[in-house]
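*Asks:* here is my input; please provide its structure:
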Amino acid sequence: DEFTIGEILRKSYRDVALIIAGQIILFIFGIIVLSLIIVPIVFIAQAGGPGGAIFFAFLFALLFLAFGPQMVYIFQFASSFVMLRDRVFVFSAIGRTFRNIKGNFWWIWLVMVMMYFIVAILAALGNLPVTVLQQISMLQRVNYSGIDTINNMFSSPLYILLFAISLLWSNACQMMGDLMVGVSYYSFEEERTGAALLSMIDQIGQEEQNPNYNQ
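*Replies:* Sure, this is the predicted structure:
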């Protein structure tokens, strides 16, 4: 069988629609959960005065640092991978994600923190030429009091080229972060189910099936 452009587009549209619908539901669900958490905190903080507000703000920040990376991993990254791969809706994807990462909660925290750290460092390095050019232009404006210096800098071919490269680099860094999360999830899933190993065992002794090979 041969793939056609129309078939690829149809499958892509289905994938995009599935992800968008899932993200909208997760966004609404997240707003509801945050409201259920924040509203009581605000009410108690108001009743307790400034000291109560500071205490509950600190408590919320501490809880977010402890459990926020895992929640982002589950609801934003891993569930999207599962939706696309298994063709299931968001709630089924979340359920499978929870089952497959069971016992690796703090490993996930480490994966997410390292991923964000690496992506941030690489993205900052990619944005460095644009930042340096902006700082040079700001110094020229201070020295010569020329308001046109900034406008000339933004319209210069060098700045446009560096900005485009920086934007592409930032997107590439983000994709690398997504890849790190995806590999970690498949590793956790394989550790739990052994699905890939079982599939390789089942293929032993079977005739190779290649649709592009005509005997």
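*Asks:* may I have the phi/psi pair for R87?
*Replies:* Dihedral pair for R87: phi 60, psi 50, per degrees, to the nearest 10.
*Asks:* okay, now it: neighbour count?
*Replies:* 12 (other CB atoms under 10 Å). C-beta: built from backbone N, CA, C; applies to glycine.
*Asks:* can you list contacts of stretch 64-75?
*Replies:* Applying CB atoms under 8 Å, 6 or more residues apart in numbering, the external contacts of stretch 64-75 come out as 26, 30, 94, 97-98, 101, 105, 108-109, 111-113, 116, 181.
*Asks:* name the residues of it that are buried.
*Replies:* P69, Q70, Y73, I74, F75 (16 or more other CB atoms under 10 Å).
*Asks:* state the mean pLDDT of the helix or strand harbouring L162.
*Replies:* L162 belongs to helix 157-193 when assigned by DSSP states H and E. In this model, helix 157-193 has a mean pLDDT of 84.
*Asks:* gap between Y116 and A93?
*Replies:* 22 Å (CB to CB, to the nearest Å).
*Asks:* the two: who's more crowded?
*Replies:* A93 (25 against 14).
*Asks:* what sits against that one?
*Replies:* A93 sits in contact with G22, S79, S80, V82, M83, D86, where contact means CB under 8 Å, 6+ apart.
*Asks:* which residues are contacting stretch 117-127?
*Replies:* By CB under 8 Å, 6+ apart, stretch 117-127 touches I165, S166, W169, S170, C173, Q174, M176, G177, M180.
*Asks:* report the buried residues of that stretch.
*Replies:* V119, L122, A123, G126, N127.
*Asks:* one more: stretch 99-114?
*Replies:* Neighbour-count burial for stretch 99-114 [16+ other CB under 10 Å]: N100, I101, N104, I108, W109, V111, M112.
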